[in-house]
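Chemist: Turn this into a structure:
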Amino acid sequence: VQLQASGGGSVQAGDSLRLSCAASGLTFSGYAMGWFRQAPGKGRKFVAAISSSGGTTNYEDSVKGRFTVSRDNAKNAVYLQMNSLKPEDTAVYSCVAGTSVWAIRQSDYTYWGQGTQVTVSS
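Modeler: Numbers count the residues shown, from 1 in each chain. Model (predicted):
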């Protein structure tokens, strides 16, 4: 299984970024997909998740209204649209695959991909 995240970069506060994750080696439409992030010197934290069908989403409180998770099962891809970025959003963002859109613990997710760095300056 491979989960390859891309789309990170360095932006100013208030800007937007769209992260993508290309999945292979798994029955993509059978998995809930999510995003975690790890800020410098901190542990990994849940950001957002989307159900296998794409019909249900779940967000961490600090990103609600700013971030949108979506997926394209035909392309085996999941996306994270990040708007109104803040310096505290600076982190390495990783794509994950699991069984429940309501899962927020690292241990709930079976597959992890390499992260992509997002840096937001004020």
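Chemist: quick one: contacts of the strand or helix carrying Leu3?
Modeler: Leu3 is part of strand 2-6, with elements assigned from DSSP states H and E. Residues from elsewhere that reach strand 2-6, judged by C-beta atoms under 8 Å, 6 or more residues apart in numbering: 19-25, 93-97, 111-116. All C-beta atoms are positioned from the backbone trio N, CA, C, and that covers glycine.
Chemist: now those residues: which count as buried?
Modeler: The neighbour count (16 or more other C-beta atoms under 10 Å) marks 19-23, 93-97, 111-113, 115-116 as buried among the contacts of strand 2-6.
Chemist: For the closest residue to Cys95 other than its chain neighbours, which residues are in contact?
Modeler: The spatial neighbour of Cys95 that comes closest, neighbours along the chain excluded (C-beta to C-beta, 6 or more residues apart in numbering), is Cys21 at 3.4 Å. By C-beta under 8 Å, 6+ apart, Cys21 lies in contact with Leu3, Gln4, Ala5, Ser6, Met33, Trp35, Ala77, Val78, Tyr79, Leu80, Cys95, Gly113.
Chemist: Among those, find me the one that's closest to Arg105.
Modeler: Trp35 (14.0 Å; C-beta to C-beta).
Chemist: was I right about that closest one contacting Val47?
Modeler: Yes: applying C-beta atoms under 8 Å as the test, Trp35 and Val47 come out as touching, 4.3 Å apart.
Chemist: what's the overlap in contacts for these two?
Modeler: By C-beta under 8 Å, 6+ apart, the residues touching both Trp35 and Val47 are Leu80, Tyr93.
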